[in-house]
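**Student:** dropping the sequence and predicted coords here.
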Amino acid sequence: MSQPLTAILIGAGDRGAQSYAPYALAHPNELRFVGVAEPNPARRERFAAAHAIPPEKQYPTWQDLLARGQIAELAVIATMDSLHTFPCLAALAEGYDVLLEKPMATTLEDCVGLVQAAERAGRILQICHVLRYSPFFEELHQIIESGRLGKIVSFEQRENVVYWHMAHSYVRGHWRNSQLEAPMILAKCCHDLDILYWNLGPLARLSSFGSLRHFRPENAPPGAPARCTDGCPAAESCPWYAPRLYVQRTPLYHVVRHSSLGFVRLGATLLLDYPGLAQALKRLIPPFAAAVDYRGWPLSTISEDTSPESLQRALEEGPWGRCVYHCDNNVVDHQVVNLEFESGVSGALVMQGHSHLDCRTLRYDGTRATLRGVFASGMNDSIEIHDHLTGKVERIHLRPILGRHGGGDDALVSGFLRAVRGEARALTSARASLESHLMAFAAEQARLEGSVIDMAEFRRNAERPGQDDA
């Protein structure tokens, strides 16, 4: 192989620095980061140290970095959603091929504008629809494409957001308010809508229903203060009590207790059921202590220092310590989207934030077989195919993969690099990714209006914003 491709990173937070950039450290012959823009000094310095980026190529803003002109071949942009548009447009104009975190933007006009800008510039703009690259959804796509199920007639796909993730991201966190960031159906489900488009083709029409049912002031327990740390009388009975998640980490241990990896289950079981023994083992066996002392997301979101003392202070001073019933949130906690595709396939996408486990569950019914699947981000993924003729059930258990998105993050970066080098066609494109965003914006419009959206008309209007159809 020739010299590694060079890249700059704009946004050295969780997704940029921890999910995509590590590929360069694991594959230095393929990718090397040579510049970074990040307003948080600690994150910027940490990323620069990990990737040996000199001080003169470390910047607090993307404007400062891109003002140098093109210093690499690629730009990875992983800022907050509402800050995607301008750095992406500027990077494309400078000649960069761009890997952009999803969703591509928070308004329909900006999403369309980014796709059109990339096409005019003749640059690759790839959106981080990582589920296409996970072994589970690759297997699902191959099964559907093979005809094993016959002609698909209907489907059900569910995005089950675990209760504490809902509170972290969509009640207390960055995506709590659609006036600040994208509506939840876009921020959370553009992945799911992209998978449906990948498997079933263009959408013909949709309707949608949903609301914010639970996380409202009138549902607060009697006497609940503005913050969990202000002496809440319901602390012991409230599933969303913030110190239990961020300091004690109990809900996180409940999640990994479902892992298909034996050593992960063992560690979680000891911490939950035998805390005294677990503490003793942590003192006696340093590798065990390192394995169970989790400090990543969502803890790393609320504080750079993830010691118990700093996490507690963050809850007392920052947004993640607020009572879930006393936040400035307005996004839904449940929504259903009814979809009819141009092929005639119909079905529903359900998103809800009151699940016991973060997972996607799905069912595709075809003329020859029914497929049912569970995707739990690589921890315990499985697919069943029920054959109509023989009655046999084929069970496919995928190899467990540590890391988010079931191994999709690394595969996405690898695929992007191959596309840039011209070695393989990209698995998806900005134009293809736009379809999932159009579906999400149409679903939100349908929900708010109580209407049925014709997608052909919606696409035409999106491509020419501000113009009268008449």
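**Tutor:** Thanks, I have it. All of these numbers come straight from a predicted model, not from anything done at the bench.

**Student:** list the buried ones in stretch 126-144?
**Tutor:** Burial within stretch 126-144, assessed by neighbour count using 16 or more other Cβ atoms under 10 Å, is assigned to 126-138, 140, 143-144. Just so you know, the C-beta spots here come from the backbone N, C-alpha and C atoms, and that holds for glycine as well.

**Student:** how about stretch 451-465?
**Tutor:** Residues Ile453, Met455, Phe458, Arg459, Ala462 are the ones in stretch 451-465 that count as buried (16+ other Cβ under 10 Å).

**Student:** all strands for the stretch 101-250 of the chain, in order.
**Tutor:** Counting by DSSP state E, counting those that start in this stretch, the stretch 101-250 of the chain has strands at residues 125-127, 152-162, 203-211.

**Student:** and among those strands, the most buried is which?
**Tutor:** When the strands of the stretch 101-250 of the chain are scored by mean count of other Cβ atoms under 10 Å, the highest mean neighbour count falls to strand 125-127 (a mean of 25).

**Student:** what's the mean pLDDT across it?
**Tutor:** Mean per-residue pLDDT for strand 125-127: 98.

**Student:** ok, stretch 109-118 next?
**Tutor:** The average pLDDT within stretch 109-118 is 98.

**Student:** adjust the sequence numbering to begin at 104 for everything that follows.
**Tutor:** Will do, 104 is the new start, and the previous item becomes stretch 212-221.

**Student:** buried stuff in the strand or helix carrying Ala545?
**Tutor:** In this assignment (DSSP states H and E), Ala545 forms part of helix 533-552. Neighbour-count burial for helix 533-552, counted by 16+ other Cβ under 10 Å, picks out 533, 535-550.

**Student:** can you check stretch 175-187 too?
**Tutor:** Ala175, Glu176, Leu177, Ala178, Val179, Ile180, Ala181, Thr182, Asp184, Leu186, His187.

**Student:** among those, which are in strands?
**Tutor:** In strands, defined here by DSSP state E, the members of the buried residues of stretch 175-187 are Leu177, Ala178, Val179, Ile180.

**Student:** now those residues as JSON lines including distance to Gly525 and pLDDT?
**Tutor:** Formatted as JSON lines, these follow (distance: Cβ to Cβ, whole Å; pLDDT from 0 to 100):
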{"residue": "Leu177", "distance to Gly525": "14", "pLDDT": "98"}
{"residue": "Ala178", "distance to Gly525": "18", "pLDDT": "98"}
{"residue": "Val179", "distance to Gly525": "19", "pLDDT": "98"}
{"residue": "Ile180", "distance to Gly525": "22", "pLDDT": "98"}
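
**Student:** now those residues in a markdown table, with distance to Gly119?
**Tutor:** A markdown table is the format used below for these (distance: Cβ to Cβ, whole Å):
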| residue | distance to Gly119 |
| --- | --- |
| Leu177 | 13 |
| Ala178 | 11 |
| Val179 | 6 |
| Ile180 | 8 |
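
**Student:** what's the angle from the helix holding Ala545 to strand 306-314?
**Tutor:** Inter-element angle recorded for helix 533-552 and strand 306-314: 50 degrees (by axes from the mean of the first three to the mean of the last three Cα atoms, to 10 degrees).

**Student:** tell me the first helix or strand C-terminal of helix 533-552.
**Tutor:** Downstream of helix 533-552, the next assigned helix or strand under DSSP H and E is strand 556-557.

**Student:** pLDDT value on the closest residue to Glu538 other than its chain neighbours, please?
**Tutor:** Closest residue to Glu538 apart from its sequence neighbours, by Cβ to Cβ, 6 or more residues apart in numbering: Tyr300 at 4.7 Å. We note a pLDDT of 98 for Tyr300 in this prediction.

**Student:** please apply the same query to the one 3 residues further on.
**Tutor:** At Leu303, the predicted lDDT confidence score is 98.

**Student:** residues contacting stretch 412-424, please?
**Tutor:** Residues outside stretch 412-424 that contact it (Cβ atoms under 8 Å, 6 or more residues apart in numbering) are 271, 275-276, 330-332, 345-346, 349-350, 402, 404-407, 430.

**Student:** Leu374 against Tyr356, yeah?
**Tutor:** Yes - if you go by Cβ atoms under 8 Å, Leu374 and Tyr356 touch, sitting 5.0 Å apart.

**Student:** these two: which has the busier surroundings?
**Tutor:** The residue with more neighbours, out of Leu374 and Tyr356 and counting by other Cβ atoms under 10 Å, is Leu374; that gives 24 against 19.

**Student:** can you confirm that one is in a helix?
**Tutor:** Yes - applying DSSP: H, G, I helix; E, B strand; the rest coil, one finds Leu374 inside a helix.

**Student:** which residues touch it?
**Tutor:** Residues near Leu374 by Cβ under 8 Å, 6+ apart: Tyr356, Ala381, Val395.

**Student:** leaving aside the residues next to it on the chain, what's closest to the last one?
**Tutor:** Take Val395 and drop its neighbours on the chain: the residue closest to it by Cβ to Cβ, 6+ apart is Gly370, 4.7 Å away.

**Student:** check the gap between the one you found and Thr164 for me.
**Tutor:** Gly370 sits 41 Å away from Thr164, taking Cβ to Cβ, to the nearest Å as the criterion.
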